[in-house]
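Student: Sequence and computational prediction follow.
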Amino acid sequence: MELQKMSFVKLAASFVAGAGTTVAFLRYGKNSQWIKRGLTTEGSARNGTMVGTDTKITDTRFRDYLNQKGNREIKAFEEITKETKIRFPKEAIMVTDLAQLYFFRWLIPALNVKKAIEVGVFTGSSSLAIAKGLPKDGKLIAIDISDEYTKVARDFWKKEGVNGKVDLRIGKGIDKLKELTNNNSEIGTFDFAFIDAYKPEYKDYYELCLKLLKKNGIMCVDNTLWDNKVFDPSNQESNTIFIRQFNEMVKNDSRVDIALSSIGDGVTFIRKL
Ligand SMILES: C[S@@+](CC[C@H](N)C(=O)[O-])C[C@H]1O[C@@H](n2cnc3c(N)ncnc32)[C@H](O)[C@@H]1O
């Protein structure tokens, strides 16, 4: 378990590259290549509300306006980011984009979701957004390989009064999903799934979650624009290739209807037909 966790963790070393921009070098596993990510450090980033996925937003006033005027503020989202930066500074870039969190919080009740599943909890941002959108009797099964990261998530779920809705399962995503798909009473019962864990396993998560979803259930898959690298054919990094193959596969899958959105690092919205 420890090995799997270590092989995923984005190892990062960052330095300031110029006014307002930090460049971070990351990798998703010890065998994958290092990738360069530019992080804007002005505006909302400076006050701790921004994490690393929005490399395409160059005018930080855009991000500030979006975050300040585009939602009813949930302070815990920013608090999780701050806590994560303190406890796991090198991995904090994995926290889900703020605008995406607000969108999920809005989307869950809009879709009337009662039963949801997430693969890739980290310190709890997306699970908190999903759980907050669920009704009182709603349920989120939250899967992650790390007990250490999810300790932060558990504290925030409790503080925000959603811990009764979240069922945390620690283990490998594929194993935990298979435990569910092996149980006939779980097949076709989920309204919503969010995939945000180990990129080389995306196809497996997808197949298993598709079994768990109801007809018309929605699956959201994170990082499908992969730091603006998927459309650059000269980029042959392993994770870019995995994401590209995943996008191609989903586009050609007649079992689903899809829309790839540029929110955050790219989220593919998938409806089971
Ligand atoms: C990008 S982070 C998830 C971010 C999270 N959705 C959020 O809102 O902060 C990816 C997470 O996947 C977990 N992970 C890595 N490999 C995994 C695996 N094989 N199975 C389950 N979880 C895994 C990591 O521990 C990490 O917490």
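Tutor: That came through, no problem. Residues are numbered from 1 along each chain as shown.
Student: burial count for residue 135?
Tutor: By other C-beta atoms under 10 Å, 12 other residues sit near residue 135. C-beta here means a position set from N, CA and C on the backbone, and glycine is covered the same way.
Student: ugh, wrong one, residue 257
Tutor: 12.
Student: Who does the closest residue to it other than its chain neighbours form a beta bridge with?
Tutor: Of all residues beyond its chain neighbours, the one nearest residue 257 is residue 271 (4.6 Å), with distances taken as C-beta to C-beta, 6 or more residues apart in numbering. On the basis of DSSP bridges, residue 271 is bridged to residue 218, residue 257.
Student: any idea how far residue 271 lies from residue 82?
Tutor: 35 Å (C-beta to C-beta, to the nearest Å).
Student: Assign residue 73 to one of the three secondary structure states.
Tutor: Under DSSP: H, G, I helix; E, B strand; the rest coil, residue 73 falls in the coil class.
Student: need the residues of the chain near the ligand, please.
Tutor: Taking C-beta under 6 Å from any ligand atom as the criterion, the chain approaches the ligand at residues 4-5, 8, 94-96, 119-123, 125-126, 143-146, 149, 172-173, 196-198, 201.
Student: when you check the residues you listed against the strands, which ones overlap?
Tutor: Those of the residues of the chain next to the ligand mapping onto strands are 119, 143-144, per DSSP state E.
Student: quick one: which of these is nearest residue 231?
Tutor: residue 119 (25.2 Å; C-beta to C-beta).
Student: pretty sure that closest one is touching residue 199, no?
Tutor: No - at 11.6 Å, residue 119 does not count as touching residue 199 under the criterion of C-beta atoms under 8 Å.
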